[in-house]
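Asker: no sequence on this one, just coordinates:
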């Protein structure tokens, strides 16, 4: 049950989302016109992408890649973002007039809901596409207030959704899940009509990562990072948070060094929490495990492809993962991977074929798998080669844009 802090907030939101609670009124807001599917494919679509994210993570990179791909196909793209959104720097390819700044404070931001509705009306938006849970109700209201607009949402995470989401997403034309695991969670939670759920795996710029590998100068990389030529390098990339498993990674590093001392470990990522509490915990753990001269916390890295190329083994020690974008990137680069058996990782990595998969939270098996790759050169080469091929076949941005574009065309061509 969700609650409002003040009567004013309750009254403001009730005015904004009244159609949600009235099924009859809600149904009447949708256009009843059928458009032939073939005709939609020939038209430029007007699409509004919405994200209230402040920092740049996997979901935000997904949105930027999707917007770039759709824009290159001559669709008219608009973005609704918060004032300090890190996404703005990733969207320089769009005209400034396409970027719209709103407060997007939370799911109960009635003012932003109305602003979105006005924006949809003014720009003649056909697809309203939201990417974060707290934006779904605002996007739903904006779509309902404009009969020619259809609501599409993408679910990037596995976290359970609340009653408000069940209500607002009852009117979504389609719900896109970034993995089969996310789709299964949506169905299990009873979020929206199961027939409206579609799986579109995340996409990455496979060609860029493979080109980076072809041009990579390992000697220069090691020199730039002040690493000795004779040491192997193991690394992990991701936001510094307990869910990403950096603690397990460090404990595994300690076990590995007992048997194989010529290894360096790299952790790339930023702690976005207030006071950087988790980063401080990691720094203390590094001291406690006597790893200060073997582990480097490198923070934000602009060119991730360089790190993937420089690693002899990439590790995803996550406790939960809806997809695993960094895994896909490492695989595309041709870097052998070890991953914990999260729902998302198991859709990307096949054990002993495209990487090694170990139980979540099992430090000893994680260390053993990493050690196995460090000591078996032929295995590293075989897994990396297979992973690169799989990534090229399944994880391209072009495929992701194709599938999303078809979903847009589908919802504008039919009615539920």
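Answerer: Happy to help now that I have it. Since we're looking at a predicted model, the values are computed, not measured. Residues are numbered from 1 along each chain as shown.

Asker: What residues does residue 186 make contact with?
Answerer: Applying Cβ atoms under 8 Å, 6 or more residues apart in numbering to residue 186 gives the contacts 155, 161, 175, 177, 192, 197. Bear in mind the C-beta positions are built from the backbone N, C-alpha and C, glycine included.

Asker: oh sorry, the question was meant for residue 369
Answerer: Going by Cβ under 8 Å, 6+ apart, residue 369 touches 338, 356, 358.

Asker: and the first one, what are its bridge partners?
Answerer: On DSSP bridges, the residues paired with residue 338 through beta bridges are residue 315, residue 356.

Asker: if I look at the nearest residue to residue 239 once chain neighbours are set aside, how far off is residue 171?
Answerer: With Cβ to Cβ, 6 or more residues apart in numbering as the criterion, residue 239 has its nearest non-adjacent residue at 5.3 Å, and that residue is residue 269. Distance, residue 269 to residue 171, by Cβ to Cβ, to the nearest Å: 37 Å.

Asker: count of neighbours near the residue lying closest to residue 225 once chain neighbours are set aside?
Answerer: Spatial nearest neighbour of residue 225, chain neighbours left out: residue 310 (7.1 Å); criterion: Cβ to Cβ, 6+ apart. Using other Cβ atoms under 10 Å, residue 310 has 21 other residues around it.

Asker: how much space is there between residue 310 and residue 74?
Answerer: The value you get for residue 310 to residue 74, if Cβ to Cβ is used, is 38 Å.

Asker: How is this protein partitioned into domains?
Answerer: Using automatic domain parsing, the domain parsing of the chain gives 7-203+397-413, 206-394.

Asker: residue contacts, residue 156?
Answerer: Neighbouring residues of residue 156 by Cβ under 8 Å, 6+ apart: 58, 59, 62, 131, 132, 178, 182, 322, 323.

Asker: scratch that, residue 343 is what I was asking about
Answerer: By Cβ under 8 Å, 6+ apart, the contact set of residue 343 is 158, 179, 181, 320, 321, 322.

Asker: Out of those, grab the one that's most surrounded.
Answerer: Using other Cβ under 10 Å as the neighbour test, the contacts of residue 343 are led by residue 321, with 30 neighbours.

Asker: host element of that residue?
Answerer: If you go by DSSP states H and E, residue 321 is not part of any helix or strand.

Asker: wait, isn't the residue nearest to residue 225 in contact with residue 220?
Answerer: No - taking contacts as Cβ atoms under 8 Å, residue 310 lies outside contact range of residue 220: 9.8 Å.

Asker: shared neighbours, the two?
Answerer: With Cβ under 8 Å, 6+ apart, residue 310 and residue 220 have no common neighbours.

Asker: Can you tell me the element residue 296 falls in?
Answerer: Applying DSSP H and E as the criterion places residue 296 in strand 295-299.

Asker: just checking, what packs against that strand?
Answerer: Using 3 or more Cβ pairs under 8 Å, 6 or more residues apart in numbering; DSSP states H and E, the elements in contact with strand 295-299 are strand 263-268, helix 277-288.

Asker: any chance you could map the helices in the stretch 1-150 of the chain?
Answerer: Along the stretch 1-150 of the chain, counting by DSSP state H, counting those that start in this stretch, helices occupy 7-21, 23-28, 37-41, 58-72, 110-123, 136-144.

Asker: just checking, which of those comes out with the lowest mean pLDDT?
Answerer: Here the lowest mean pLDDT among the helices of the stretch 1-150 of the chain goes to helix 23-28, at a mean of 32.

Asker: re the thing from before, now what about the helix or strand just after the strand holding residue 296, what contacts it?
Answerer: Counting by DSSP H and E, the element after strand 295-299 in chain order, helix or strand, is helix 304-310. Helix 304-310 has contacts (Cβ under 8 Å, 6+ apart) with 208-209, 212-213, 216, 218, 221-222, 225, 233, 235, 237, 266, 268, 301, 314, 326, 329-330, 333, 335.

Asker: Phi and psi next, for the residue nearest to residue 239.
Answerer: Dihedral pair for residue 269: phi 160, psi 170, per degrees, to the nearest 10.

Asker: any idea how far it lies from residue 400?
Answerer: 24 Å.

Asker: Find the nearest non-adjacent residue to residue 371, please.
Answerer: Of all residues not flanking residue 371 in the chain, residue 256 sits nearest, at 5.4 Å (Cβ to Cβ, 6+ apart).

Asker: What residues of the helix or strand harbouring the one you found count as buried?
Answerer: In this structure, residue 256 sits in helix 246-259 according to DSSP H and E. Buried residues in helix 246-259, defined by neighbour count with 16 or more other Cβ atoms under 10 Å: 246, 247, 248, 249, 250, 251, 252, 253, 254, 255, 256, 257.

Asker: Tell me which residues are up against it.
Answerer: 234, 236, 238, 240, 263, 265, 267, 269, 281-282, 285-286, 289-291, 294-295, 315, 317, 340, 361, 363-364, 366-367, 370-371, 374.

Asker: cool, stretch 74-93 as well?
Answerer: So stretch 74-93 is contacted by 44-56, 60-61, 63-64, 67-68, 70-71, 94, 98-104, 116, 119, 123, 125, 405 (Cβ under 8 Å, 6+ apart).
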